[in-house]
Structure formats: structure tokens, C-alpha cells
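# Any chance you could fold what I've pasted below:
(one chain, ligands or ions: 2)
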Amino acid sequence: MSLTQFAKRFESAASLLSIAGRTLLGLETNPVPGEWTHITKVDPEGEKRLPLLFPSYLSHTSAVSVGGSQDVTDENTEQTFELLTDSGVTAFHEPSEATHVTEKTRDHANFLAVPEVLNGDSESLVGTLGKGIDYVREDLGPEILEQKTGLPLSEFLGDRAGDFVAGMMMDEAVFEAYIIMNVDSAAAREANVTEEDLLSPQEAKERALAAQHHLESEIIYLEYSGTFGGDEAVEMLEAIDDGVTWSQIWYGGGLDNSENAQRVLDAGADAVVVGDAFHRVAELEAELFDRAREEFDGDASAEQLQSWVDETVDIEDSEAVNYLSTIPEVTEPEQRAIEYLAAGLEFGLAVADVAEELSDPTPSEIRTAVSDRQFAVESTFRAIPGADANGMVEEFAGGLLADHFDLEMPERAVAAHFGIDL
Ligand SMILES: CC(C)=CCC/C(C)=C/CC/C(C)=C/CC/C(C)=C/COP(=O)(O)OP(=O)(O)O
Ligand SMILES: O=P(O)(O)OC[C@@H](O)CO
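Ligands and ions are numbered 1, 2, ... in the order given. Okay, here's the model as predicted:
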């Protein structure tokens with residue numbers, strides 16, 4: 001038997017086994033974990049900020065999706081991944097353009113999630129993907145191979161070097177088959193989804209089946225980005241869930257309370273995706289920080305701040321509770337919200353206090369001042385599995401101070417992602 005014949009027989013036997021495993025035996029061979037119930041979408045663009053206490057908020061989510069459709073660059077994506085890696089949360093990359101994928105994002109990301117829109121234009125189904133694969137073949141692939149092996153492999157192998165990396169990357173990638181149902185969203189504009197493209201529940205089920213059996217999409221994503229889909233989303237999910245067995249079903253759009261999150265989970269979603277509600281926590285934290293600065297100095301304790309938050313904020317309707325209550329495992333979102341808001345303020349006030357003590361510092365004076373100070377938040381971060389508590393505290397405090405004193409230090413990049421500004 002020739003090597004080509006052997007490869008053909010091997011491929012067809014392997015694919016038959018895989019289909020039998022997925023269907024007849026119902027094996028969970030999908031690389032996207034079925035136990036994930038909550039995904040937080042973190043957008044690297046400058047307008048969408050993070051709360052200082054983001055590691056604590058994110059310690060309850062199953063995984064973070066990094067990506068967004070506007071003003072995202074490879075640089076702000078890399079910075080976001082670096083921040084998340086120290087926080088111990090599982091993060092994957094959902095790029096809106098292939099050039100946002102770099103060696104660094106690949107190193108940090110758990111996997112690459114590639115969007116394909118089932119009810120948009122052909123550009124959003126296969127056009128952007130084709131351009132992306134060509135970019136990997138021509139540019140990114142050869143560069144990665146040369147950096148990893150130290151050899152100018154494309155000189156010997158020509159296009160085959162890029163083909164190899166592109167093939168490997170697509171094989172390892174997870175595909176997200178989107179059904180976009182809010183025509184007023186950025187996602188709909190990007191994918192050219194108009195009123196005529198909106199699907200009935202039966203049509204959604206049929207396309208989801210095509211995605212599962214033909215495209216082998218690991219994720220079927222019902223997207224209402226920015227607004228809650230209500231009864232219509234529930235009907236869509238019930239229909240999709242009736243057909244789909246192997247792909248994971250995700251719902252995203254306008255979630256900011258436990259009732260709606262539970263409704264879509266009960267209707268058949270395996271996981272909910274929450275974006276805006278998370279970024280709004282950073283706005284609340286920043287607004288409270290400005291008010292707390294007028295009330296307290298750098299020595300305010302977490303207990304003092306918890307009482308102040310409790311008195312000052314209508315906690316039940318706060319952005320922090322809105323986000324936390326979308327996570328099924330968080331049983332006392334109000335208590336957690338008070339704790340995390342107070343800890344974020346306490347940390348911010350302590351860093352502002354360090355700033356008061358410094359005058360025209362050098363980068364090394366900033367680093368010394370930060371490592372000499374005991375920040376109470378470090379013990380909060382230490383409770384998070386996999387987090388580098390000390391590294392995060394030094395990086396966040398150093399970054400805020402570098403930004404405040406207008407100093408070029410690598411830590412400074414993180415300041416651009418926080419809502420709080422010294
Ligand atoms: C081959 C490689 C390395 C990458 C491929 C990169 C690809 C194919 C990107 C496709 C992007 C695409 C089809 C986007 C369509 C619109 C969409 C599904 C956007 C996702 O929405 P969010 O970015 O989450 O939306 P918001 O910004 O509205 O929150
Ligand atoms: O920002 P929201 O409305 O939570 O939507 C989440 C996600 O589905 C957006 O792609």
C-alpha cells in the first residue's frame with residue numbers, strides 16, 4: 001500500500017469513528033467544555049474598561065472571550081491577554097480580524113474561536129475567514145515557524161510552510177456558528193444582517209444542524225448583542241436544542257439579571273455570554289472611586305468602605321449585582337458586590353495615597369514604593385485559584401502610578417484598560 005493510499009484509508013476510518021462517537025455513542029468529543037455555563041466577553045478596545053477588582057469578578061465565570069468588533073488592535077488584544085493570564089481565568093481569543101492573532105495571543109489563549117455567521121453575507125460566513133487563512137499562510141505562519149524553530153523554513157519549503165501552520169491553526173481552532181437576531185447591533189452591521197435575514201425558530205434549527213453536521217462548528221451562538229431576545233430567543237433556543245446534540249449552544253445579548261440568564265439556560269442554552277454588563281461594572285467602580293476620594297484618605301479599611309458602599313449605592317440595582325447575578329453559581333450577588341466594590345475602592349485609594357507621597361518619581365522609585373507598601377487587596381486576590389496575587393498588585397499599582405506621573409514603564413499599558421484614573 002502506498003503512503004497516499006494508507007493516508008486516505010486512515011482518514012476515512014478516523015472520520016467514521018468520530019461520527020459514531022458523536023452520534024451513536026453520544027461521546028462528548030467537543031473540545032469546548034460542556035460544563036461551561038457562563039462566558040464573559042472582554043473587549044480590548046479603549047472605551048470598554050475593566051474594574052480594578054476584575055480578577056475577583058471573573059473568578060466566577062467559566063471562561064473569558066477576548067475580542068470585539070470596533071477599535072480592536074493586536075496591541076490592545078495582547079495587553080488584555082496579559083492582564084487576564086495573571087488573574088488565573090481561562091481565556092480564549094475571538095478575533096474579528098486575523099491580524100489580531102499574534103504569537104503572544106496564541107501563547108496566552110486557551111484556543112482560537114473563529115466566528116462564522118449563518119444568516120449574514122458570504123463575507124461573514126467564509127470571506128473574512130478565507131482572507132484570514134491567506135494571511136496565516138503568507139505572513140503569520142512562516143514567521144511563527146521561523147521563531148519557533150530558529151530556521152528559515154519557508155526558504156526550503158516555500159508555501160508548504162505557511163500551509164502547514166494554517167492547516168494546524170484551523171484544525172485546533174473552535175468555530176462559532178453565529179445566528180444574529182438584533183439588526184441594530186455592531187455584529188449585524190459587520191455581517192450585513194438585515195430584517196430579511198432574521199430566521200424563524202425552524203430555520204434556525206435547520207442552519208444549526210448544517211453547522212453541526214457540515215461545518216462541524218463546536219459552538220452554535222444565538223446572538224442578540226446589546227438587547228435581550230425574550231420570548232423569541234426562548235423559542236429559537238428550544239428549536240435549536242431540539243436538533244443540536246454535539247455542538248455547544250451559547251446565547252448572548254442584553255443579559256443583566258438572573259431571571260433572564262436562567263430563562264435562556266432552561267430553553268436549551270448550554271452557556272450564556274455576558275459583555276456590556278461586565279464593562280459597566282468598571283464605570284460604577286470609577287464613579288464611586290471619585291466620590292470615595294472626597295470622603296476618605298488612603299487608610300480607609302475594607303470594612304469602612306463596605307458600610308459606605310452599602311449606604312451610598314442602591315446595591316440591588318447596581319451594575320455589579322447586574323453582572324454577578326447572571327452567573328448561576330453566585331448565590332449572594334449583593335454580598336459579593338459590596339465586598340468587591342469596597343475592595344476595589346480600598347485598593348484605588350491606597351494607590352492614590354502612594355501617589356501623594358511621591359514627587360516626580362523615576363520608574364524604579366515607583367516600583368520600590370509599590371513593593372514597600374502592603375496592599376490589603378493582595379489577600380483578596382490570593383483566594384483566587386491560579387492567580388498571581390503579588391504580580392497583579394504590583395503591576396496594577398505600578399501601571400496606575402506610571403500613567404499618573406506620565407512615565408514610560410511597561411506596566412503603564414494596563415492603566416489604559418482600567419476605569420479608575422488617579
Ligand atoms: C483565520 C484567522 C486567524 C482568523 C479569522 C478571523 C475571522 C474569520 C473573523 C470573522 C469575523 C466575523 C465574521 C465577524 C462577524 C460579526 C460578529 C459575529 C461579531 C461578533 O460580535 P462582537 O464583536 O462580540 O460584537 P460587539 O462588538 O457588538 O459586542
Ligand atoms: O454585550 P451583551 O449585550 O451582553 O452581549 C454579549 C455578546 O453576545 C456580544 O457579542
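# Around ligand 1, pick out the residues from this protein.
41, 67-70, 95-96, 98, 101, 114-115, 117, 124, 128-129, 132-133, 136, 178, 185-187, 190-191, 225, 275 (Cβ under 6 Å from any ligand atom). Any C-beta I mention is one placed from the backbone N, CA and C, and that applies to glycine too.
# Mind checking which of the residues you listed are in strands?
Of the positions in these, 41, 114-115, 117, 178 sit in strands, assigned by DSSP state E.
# Identify, from those, the entry nearest to ligand 2.
Closest to ligand 2 out of those is Lys41 (5.0 Å), distances taken as Cβ to the nearest ligand atom.
# ok, that closest one touching Gly252?
Yes. Between Lys41 and Gly252 there is a contact under Cβ atoms under 8 Å: 7.1 Å.
# Find the residues that touch each one of the two.
Counting by Cβ atoms under 8 Å, 6 or more residues apart in numbering, the contacts common to Lys41 and Gly252 are 273-275.
# Let me know the closest of those residues to ligand 2.
The nearest one, if we look at those relative to ligand 2 and count by Cβ to the nearest ligand atom, is Gly275, at 2.8 Å.
# shouldn't that closest one be in contact with Thr227?
No. At 11.9 Å, Gly275 does not count as touching Thr227 under the criterion of Cβ under 8 Å.
# Among these two, which residue is more densely surrounded?
Gly275 (22 against 13; other Cβ atoms under 10 Å).
# which other helices and strands contact whichever helix or strand Thr368 is part of?
Secondary structure assigned from DSSP states H and E places Thr368 in helix 363-372. In terms of contacts (3 or more Cβ pairs under 8 Å, 6 or more residues apart in numbering; DSSP states H and E), helix 363-372 is packed against helix 333-357, helix 389-404.
# and His214, which of these is closest to it?
helix 333-357 (40.8 Å; Cβ to Cβ).
# and Glu47, how many neighbours does it have?
Using other Cβ under 10 Å: Glu47 sits among 9 other residues.
# Repeat that for Leu129.
18.
# tell me the pLDDT at it?
Looking at Leu129, its pLDDT is 97.
# Can you give me every residue that contacts it?
So Leu129 contacts 114, 116 (Cβ under 8 Å, 6+ apart).
# any idea how far Tyr352 is from ligand 1?
Careful, residue 352 is Ala; it's not Tyr. 32 Å (Cβ to the nearest ligand atom, to the nearest Å).
# so that residue makes contact with Arg293?
Yes. Under the criterion of Cβ under 8 Å, Ala352 makes contact with Arg293 at 6.6 Å.
# So between these two, which is more surrounded?
Ala352 (20 against 16).
# what's the nearest residue to that one if we skip its chain neighbours?
Leu422 (5.4 Å; Cβ to Cβ, 6 or more residues apart in numbering).
# correct me, but that neighbour touches Asp353?
No. Counting by Cβ under 8 Å, Leu422 stays clear of Asp353, with 10.2 Å between them.
# the inter-axis angle of the helix holding Thr368 versus helix 389-404?
140 degrees (axes from the mean of the first three to the mean of the last three Cα atoms, to 10 degrees).
# buried stuff in the helix or strand that helix 363-372 is followed by?
Note on helix 363-372: by DSSP H and E, the next helix or strand toward the C-terminus is helix 377-382. Neighbour counts using 16 or more other Cβ atoms under 10 Å place 377, 380-381 of helix 377-382 among the buried residues.
# okay but Val165 is in contact with Leu145, surely?
Yes. Using Cβ under 8 Å, Val165 is in contact with Leu145, at 6.0 Å.
# okay, and the common contacts of those two?
By Cβ under 8 Å, 6+ apart, no residue touches both Val165 and Leu145.
# Let me know the distance separating the residue of the stretch 51-200 of the chain found nearest ligand 2 from Leu129.
The nearest approach of the stretch 51-200 of the chain to ligand 2 comes at Ala187, 5.9 Å away (Cβ to the nearest ligand atom). Ala187 is 16 Å from Leu129, where distance means Cβ to Cβ, to the nearest Å.
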